[in-house]
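Colleague: Requesting a structural model of the entry that follows:
(one chain, ligands or ions: 1)
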Amino acid sequence: MSDRKFEPKGVIPACLMPFNADMSINEPAYRAHLKDIASVTGIAGITINGHAAEVHALTIEEQKRAVVVTKEVLQSDVATIVGICTESSLEAGRLAAYAQKEGADGLLVFPPAFMSLGGHLRPEMTQEHLRHITEASDLPIILFQFPLASQLSYPLDTLLELCRRFPTIRAIKDQIGDGNRHERQIRELHALDRPVYTLTTHSAWLLGSLAMGCDGLLSGAGSVIADLQVALFNAVQAGDLNAARAINDRIYPTVRAFYDDPLLDMHNRMKEALVLLGRMDEAHVRPPLMKPSAAEIEKIGRMMQLAGLTSENVYRYAA
Ligand SMILES: N[C@@H](CC=O)C(=O)O
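Modeller: The predicted model follows:
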């Protein structure tokens, strides 16, 4: 276990998971990718086993192996936040305990996907899920607040009650998708007796979201543009709107490359971008994700050019 107490705020990129053509994990490429992200000055940690790493397509053994490999690469230099994404609360508890034993610094807790069939009407089920996790581990938790449209988001009252009941919830990763609700959540989480941070993952409108008072961001796009995200966050924190808008202009073409419909291709496209930028040799995704079309890969290349990103400056562009 790490001896540092991790505070989940600031810029926390979520890494990708490189695969070989036969769909096995490309461990050397994963290690190199982690090193690239970790080389960015100013990040607060790296999230593994998240959407960006195609966690839905990783076995439990692969998720555990990813924790071990990540710790070998990052050691105690950069905080490791482990996604806990499983349909089973028992499995979630076991994964959380494993992550803590292997030295992780925090957990990113996903809602079980089957809860979309009415979980918002049974808040006690979410409490039970979190009970299993918090009894297995006392690591700081980032609770993933899904988009309203997903039917997996926690109603505001439920969210606040979860934060009151489970003191290790220290932040939410917010993808609620509605600006009105987003701002209200930020304010009400800050107003709790034990304030809870908001890490935005509204990666398609980061500037607006950060300006509402977020405490940081946790985004898959950090696998490619972590340095620009750090620069944007710092400019917003400093209240320097002109600088923030200038950085946002550099980020914007990458938003079009990664986050245009259909959203589920976002991390798939980031892999293609890293191949185009010379940071990954190959871009394979596990089905049901499928390789973007040649036309889309061409668009990704064009957007990287528009953003000014090159193999020489990627991860250093904001400097
Ligand atoms: N918004 C996230 C995806 C959700 O986990 C991202 O930007 O990668």
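Colleague: How far does stretch 96-107 sit from its chain's centre?
Modeller: Relative to the centre of its chain, stretch 96-107 is centred 17 Å away, using Cα atoms, centre = their mean, to the nearest Å.
Colleague: Buried ones in that stretch, by neighbour count?
Modeller: For stretch 96-107, burial by neighbour count (16 or more other Cβ atoms under 10 Å) applies to 96-100, 102-107. Backbone N, C-alpha and C define where each C-beta goes, glycine included.
Colleague: and what of stretch 115-134?
Modeller: 115, 119-120, 123, 125-126, 129-130, 132-134.
Colleague: which residues of the stretch 151-300 of the chain fall in helices?
Modeller: In the stretch 151-300 of the chain, the segments counted as helices under DSSP state H, counting those that start in this stretch are 156-165, 179-190, 206-211, 222-237, 241-259, 266-276, 294-307.
Colleague: Output those as a markdown table; include the columns distance to the ligand.
Modeller: Listed next are the helices of the stretch 151-300 of the chain as a markdown table, based on distance: least, Cβ to the nearest ligand atom, whole Å:
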| stretch | distance to the ligand |
| --- | --- |
| helix 156-165 | 17 |
| helix 179-190 | 13 |
| helix 206-211 | 9 |
| helix 222-237 | 8 |
| helix 241-259 | 7 |
| helix 266-276 | 6 |
| helix 294-307 | 15 |
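Colleague: can you redo these as CSV with mean pLDDT?
Modeller: Formatted as CSV, these follow (pLDDT from 0 to 100):
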stretch, mean pLDDT
helix 156-165, 98
helix 179-190, 98
helix 206-211, 98
helix 222-237, 98
helix 241-259, 98
helix 266-276, 98
helix 294-307, 98
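Colleague: Next up, the contacts around the residue in the chain positioned nearest to the ligand.
Modeller: Per Cβ to the nearest ligand atom, residue 220 is where the chain lies closest to the ligand, at 2.4 Å. Residue 220 is in contact with 13-14, 16, 50-52, 203, 258, 266-267, 270, counting by Cβ atoms under 8 Å, 6 or more residues apart in numbering.
Colleague: Can you name the two of the buried residues of stretch 115-134 that sit furthest apart?
Modeller: 120 and 134 (20.8 Å; Cβ to Cβ).
Colleague: how many neighbours does residue 203 have?
Modeller: Residue 203 has 24 neighbours, counted by other Cβ atoms under 10 Å.
Colleague: what's the spacing between it and residue 138?
Modeller: Between residue 203 and residue 138 the computed distance is 30 Å (Cβ to Cβ, to the nearest Å).
Colleague: Show me where this protein has its strands.
Modeller: Using DSSP state E, the strands of the chain run over residues 10-11, 46-48, 80-84, 106-109, 141-145, 169-174, 197-200, 216-217.
Colleague: Report the distance from the third one to the chain centre.
Modeller: On the basis of Cα atoms, centre = their mean, the separation between the geometric centre of strand 80-84 and that of its chain is 9 Å.
Colleague: now for it, which elements pack on it?
Modeller: Helices and strands touching strand 80-84, by 3 or more Cβ pairs under 8 Å, 6 or more residues apart in numbering; DSSP states H and E, are strand 46-48, helix 60-74, helix 89-101, strand 106-109.
Colleague: Return the residues of the stretch 51-200 of the chain in contact with the ligand.
Modeller: By the rule Cβ under 6 Å from any ligand atom, the part of the stretch 51-200 of the chain lying against the ligand is 51-52, 175.
Colleague: what's the closest of those residues to residue 303?
Modeller: residue 52 (18.0 Å).
Colleague: right, and residue 243 touches residue 235 too?
Modeller: Yes: counting by Cβ atoms under 8 Å, residue 243 touches residue 235, with 4.1 Å between them.
Colleague: Of those two, which one has the most company?
Modeller: Neighbours were counted for residue 243 and for residue 235 using other Cβ under 10 Å; residue 235 has more, 21 against 15.
Colleague: For the more buried one, list the residues it contacts.
Modeller: Residues counted as contacts of residue 235 (Cβ under 8 Å, 6+ apart) are 241, 243-244, 247.
Colleague: most neighbours, which of those residues?
Modeller: Greatest neighbour count in the contacts of residue 235, by other Cβ under 10 Å, goes to residue 247: 26 neighbours.
Colleague: isn't that one right next to residue 318, touching?
Modeller: Yes: between residue 247 and residue 318 a contact is recorded at 6.9 Å, counting by Cβ under 8 Å.
Colleague: shared neighbours of those two, anything?
Modeller: 228, 231.
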